[in-house]
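Enquirer: okay, sequence plus prediction incoming.
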Amino acid sequence: MFGIDFFSVISRGSQYRVESMMLRLAHSQNFLMVSPSRDQVADQPAMECLPLVMEPESKYYTSPVVVLDFQSLYPSMVIAYNLCYSTCLGRVGDRDPTLIEKFGATELGLPPGLLSDVKGKVNISPNGIIYLKKEVLPGVVPRLLSEILDTRVMVKAAMKKIPARERAMQRLYNARQFGLKLIANVTYGYTSAGFSGRMPCAELADSIVQYGRETLERAIRKVEAHPDWKAKVVYGDTDSLFVLLDGRTRDEAFRIGKEIADEITRISPAPVKLKMEKVYHPCMLVTKKRYVGYAYEDPKQ
């Protein structure tokens, strides 16, 4: 599936797998991948952005709490905003066109007049980094992730058509879709591996985190401002929301949870998708990453 020898799957890490897939796509788009030295990796700028992890209001909740999750948040950010090494034009601000700017573990020199030529055709990330839109230049990393996620959808669709008696075939397809999910989720880690990285880039990694954080914050504002839902976000962690619906029944919680998921998906750029995971009723939030409750995944449960 990754295009590498079987022994390397066991003996080498996830960076090698990401790179094996990215190399093939980079070559097809006439790019060469950088091979920085250990000193260059150590000298790159430090990461500046952190994912949003809220401190929950610690207590026992007797009303339903809806749990919503963004599907593959970081890969979705990369695809939606065309975030890639190849589409990055450096940091916003006054710059001397004759100077070469520090960029990840290497340098970035832009041809004179390029920024004025692409005016209106760029995305500017919340941490102030400029990226070309996909209409101008489709990035290698977004293309990689799009193909991985599309293939995973195809594998899951094929899995549903396999008869229940063919257990071995179901396990094989399940392992494939799970492998694709894992490789998509570690691609962000490939860009942010600041210690032992093969091709880290602090600016790109920060842009992915900051776009994810902005998406989560926008969802929180939308949920709490809606007059009909009367909802309160009591906890948020990187890509998930815990929404308290005070005084509502479990059936109402399922209905409102689906409305929230549909509305946030509608206002977000494709392929960003918010999915309703479950309803906790009742539950207890203790502190970050620690909570417990009765979980219901459908109203009839």
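Expert: Yep, it's here. Numbering: from 1, shown residues only.

Enquirer: all contacts plus neighbour counts: C-alpha atoms, from now on.
Expert: Noted.

Enquirer: all strands for the stretch 101-250 of the chain, in order.
Expert: 101-103, 106-108, 122-124, 129-132, 232-237, 240-244 (DSSP state E, counting those that start in this stretch).

Enquirer: for Arg213, which of these is the nearest?
Expert: strand 232-237 (9.7 Å; C-alpha to C-alpha).

Enquirer: in this protein, which strand is the longest?
Expert: As assigned by DSSP state E, the longest strand anywhere in the chain is strand 274-287.

Enquirer: tell me the secondary structure at the residue nearest the centre of the chain.
Expert: Nearest residue to the geometric centre of the chain (C-alpha atoms, centre = their mean): Tyr74, 0.9 Å. Under the three-state scheme (DSSP: H, G, I helix; E, B strand; the rest coil), Tyr74 adopts helix.

Enquirer: quick check, it in contact with Gly189.
Expert: No. Applying C-alpha atoms under 8 Å, one finds Tyr74 not in contact with Gly189, separated by 10.0 Å.

Enquirer: run through the stretch 1-150 of the chain and note the low-pLDDT ranges.
Expert: Along the stretch 1-150 of the chain, segments meeting pLDDT under 70 span 94-99.

Enquirer: all helices for it, in order.
Expert: With DSSP state H, counting those that start in this stretch as the criterion, the stretch 1-150 of the chain has helices at 6-11, 14-28, 38-43, 73-81, 114-117, 140-160.

Enquirer: right, and the ones you listed - which one's nearest Leu182?
Expert: helix 14-28 (9.1 Å).

Enquirer: which helices and strands sit right next to the closest one?
Expert: helix 140-160, helix 167-192 (3 or more C-alpha pairs under 8 Å, 6 or more residues apart in numbering; DSSP states H and E).

Enquirer: which neighbouring elements make contact with the last one?
Expert: To tie it back to what came earlier, the one meant is helix 167-192. helix 14-28, helix 73-81, helix 140-160, helix 202-225.

Enquirer: looking at the ones you listed, which is buried most?
Expert: Neighbour counts (mean count of other C-alpha atoms under 10 Å) averaged over each of these peak at helix 73-81, with a mean of 24.

Enquirer: gap between that helix and the chain center?
Expert: 5 Å (C-alpha atoms, centre = their mean, to the nearest Å).

Enquirer: so where's the stretch 151-300 of the chain uncertain?
Expert: Checking the stretch 151-300 of the chain against pLDDT under 70 turns up nothing.

Enquirer: redo that, cut-off 80
Expert: 194 (pLDDT under 80).

Enquirer: excluding chain neighbours, what is closest to Asp206?
Expert: Cys49 (5.4 Å; C-alpha to C-alpha, 6 or more residues apart in numbering).

Enquirer: does the one you found touch Ile208 like I think?
Expert: No. Taking contacts as C-alpha under 8 Å, Cys49 lies outside contact range of Ile208: 9.2 Å.

Enquirer: just to revisit the earlier point, the helices and strands packed on helix 167-192: which one's closest to Cys88?
Expert: Using C-alpha to C-alpha, the nearest of these to Cys88 is helix 202-225, at 7.9 Å.

Enquirer: export that closest one as CSV, just CAs?
Expert: This file holds the C-alpha atoms of helix 202-225, laid out as CSV (Å, rounded to 0.1, in the frame of the first residue of the first chain):
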residue,chain,number,x,y,z
ALA,A,202,7.9,25.0,11.2
GLU,A,203,5.9,27.6,9.1
LEU,A,204,3.9,24.9,7.3
ALA,A,205,3.2,22.9,10.5
ASP,A,206,2.1,26.1,12.4
SER,A,207,-0.2,27.0,9.6
ILE,A,208,-2.0,23.6,9.7
VAL,A,209,-2.4,23.8,13.6
GLN,A,210,-3.5,27.5,13.4
TYR,A,211,-6.1,26.8,10.7
GLY,A,212,-7.4,23.9,12.8
ARG,A,213,-7.6,26.1,15.9
GLU,A,214,-9.4,28.8,13.9
THR,A,215,-11.9,26.3,12.5
LEU,A,216,-12.7,25.0,16.1
GLU,A,217,-13.1,28.5,17.5
ARG,A,218,-15.4,29.5,14.6
ALA,A,219,-17.5,26.4,15.3
ILE,A,220,-17.7,27.3,19.1
ARG,A,221,-18.8,30.9,18.3
LYS,A,222,-21.5,29.6,15.9
VAL,A,223,-22.9,27.0,18.3
GLU,A,224,-23.2,29.4,21.2
ALA,A,225,-24.6,32.3,19.2
